[in-house]
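*Asks:* just the structure for this:
(one chain, ligands or ions: 2)
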Amino acid sequence: MAERTPTQARQKGRENGRPGAARTRPRARGKTVGFDQIRKDPEVLALIEGADLALEAIGFTDHGIRHIARVANRAMTICRALELPARDRELAGIAGYLHDIGNSVHRNRHAQSSALMAQRILSRMGMDPAEITLIMAAIGNHDEGDGEAVNNAGAALILADKSDVLRQRVRSSTPMLTRDIHDRVNYAATDSKMDVDRPGHLITLNLSIDTRVSPVMEYFEIFLGRMAMCRRAANFLNCDFSLVINGVRLL
Ligand SMILES: [Fe+2]
Ligand SMILES: [Fe+2]
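*Replies:* Ligands and ions are numbered 1, 2, ... in the order given. Next comes the predicted model:
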């Protein structure tokens with residue numbers, strides 16, 4: 001399928017009535033489950049911790065509560081900055097909190113296992129099935145291997161998750177030069193900010209990278225696919241996507 005330009009994507013988005021347009025949702029048939037309820041749920045917290053322990057055992061960067069909280073908060077910040085409906089913002093936060101729990105089962109296909117596990121948890125809480133479906137689609141589509149933005153919460157989740165490259169995520173104590181490239185690039189990233197320019201329809205990821213630790217080229221070597229996914233997610237939200245590293249606009 002030919003790729004759409006941002007302008008075409010925005011036009012297509014408008015035709016589809018997104019984002020934030022008054023799309024007709026089925027009438028609520030359950031409780032309004034809030035972000036705070038998810039954040040404090042003991043089962044959710046145990047699954048986040050268990051998923052992180054499993055990933056630590058196979059050498060992955062931090063996927064624990066700090067990653068989860070940053071992703072959920074950034075996803076909600078993006079929705080707020082774009083003035084999306086308040087409920088979309090809350091659903092993005094809930095999706096952010098639950099998006100990686102499937103790593104407690106296996107890293108492979110964790111987006112889909114997370115979605116199915118979220119379905120059971122949210123059903124237990126009595127959430128409206130239409131909202132559960134939306135969250136499942138957002139979570140099940142967050143991985144760059146096979147995911148795409150399919151709703152506002154999902155687009156915000158992709159942007160928040162794929163931009164979480166940060167020194168604090170590295171837990172390896174191996175000497176710098178022998179570190180895995182993912183550890184090296186994360187360690188080199190000393191700051192990560194996302195700016196949302198709603199009137200200008202532009203979402204910008206601003207990264208500070210210590211090039212003594214890792215050259216910028218290494219960032220692209222492993223994260224080009226993620227940046228392309230961010231661009232498509234931004235397009236879904238009627239925006240362009242820009243990447244600025246050390247003050248230089250690269251995308
Ligand atoms: Fe993930
Ligand atoms: Fe994640």
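
*Asks:* now do the SS call for Val244.
*Replies:* strand (DSSP: H, G, I helix; E, B strand; the rest coil).

*Asks:* what of Asn238?
*Replies:* coil.

*Asks:* now do Ser214
*Replies:* coil.

*Asks:* phi and psi next, for it.
*Replies:* Note on Ser214: backbone dihedrals following degrees, to the nearest 10 are phi -150, psi 130.

*Asks:* these two touch, right, it and Val185?
*Replies:* Yes - with contact defined as C-beta atoms under 8 Å, Ser214 counts as touching Val185 (5.0 Å). (Each C-beta comes from the backbone N, C-alpha and C, glycine too.)

*Asks:* the stretch 151-251 of the chain: helices as residue ranges?
*Replies:* Along the stretch 151-251 of the chain, counting by DSSP state H, counting those that start in this stretch, helices occupy 152-162, 181-188, 216-236.

*Asks:* any part of the longest one near ligand 2?
*Replies:* No - shown here: helix 216-236 not in contact with ligand 2 (C-beta under 5 Å from the ion), separated by at least 10.9 Å.

*Asks:* now do that helix: everything it contacts.
*Replies:* 4, 6, 9-10, 13, 18-19, 144, 147-149, 152, 154-156, 158-159, 162-163, 165, 181-182, 184-185, 188-189, 203, 205, 207, 209, 240-241, 243, 245-246, 250-251 (C-beta atoms under 8 Å, 6 or more residues apart in numbering).

*Asks:* what residues does the protein put near ligand 2?
*Replies:* Residues of the chain lying near ligand 2 (C-beta under 5 Å from the ion): Asp100, Asp161.

*Asks:* would you state the strands of the chain in chain order?
*Replies:* For the chain, the strands defined by DSSP state E cover 189-197, 202-209, 240-245, 248-249.

*Asks:* okay, the ones you listed in TSV with mean neighbour count and mean pLDDT next?
*Replies:* Output for the strands of the chain, formatted as TSV (neighbours: other C-beta atoms under 10 Å; pLDDT from 0 to 100):
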stretch	mean neighbour count	mean pLDDT
strand 189-197	16	95
strand 202-209	20	96
strand 240-245	18	96
strand 248-249	9	94
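
*Asks:* ok, and the closest non-adjacent residue to Ile65?
*Replies:* Ile48 (5.7 Å; C-beta to C-beta, 6 or more residues apart in numbering).

*Asks:* go ahead and confirm that neighbour touches Gly102.
*Replies:* No - under the criterion of C-beta under 8 Å, Ile48 is not in contact with Gly102, lying 11.1 Å apart.

*Asks:* run the chain-centre distance for stretch 44-57.
*Replies:* Distance, stretch centre to chain centre, for stretch 44-57: 18 Å (C-alpha atoms, centre = their mean, to the nearest Å).

*Asks:* pLDDT on it, on average?
*Replies:* The average pLDDT within stretch 44-57 is 96.

*Asks:* just the buried ones from the contacts of helix 216-236, in PyMOL syntax?
*Replies:* Per 16 or more other C-beta atoms under 10 Å, the buried members of the contacts of helix 216-236 correspond to this PyMOL selection:
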select buried, resi 6+9+10+13+18+19+144+147+149+152+154+155+156+158+159+162+163+165+182+184+185+188+189+203+205+207+209+240+241+243+245+251
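
*Asks:* thinking again about what came up before, Ile48 and Gly102 - which one has more neighbours?
*Replies:* Between Ile48 and Gly102, counted using other C-beta atoms under 10 Å, the more crowded position is Gly102 (25 against 22).

*Asks:* from ligand 2, how far off is the residue nearest to Ile65?
*Replies:* 10 Å (C-beta to the ion, to the nearest Å).

*Asks:* please apply the same query to Arg66.
*Replies:* 11 Å.
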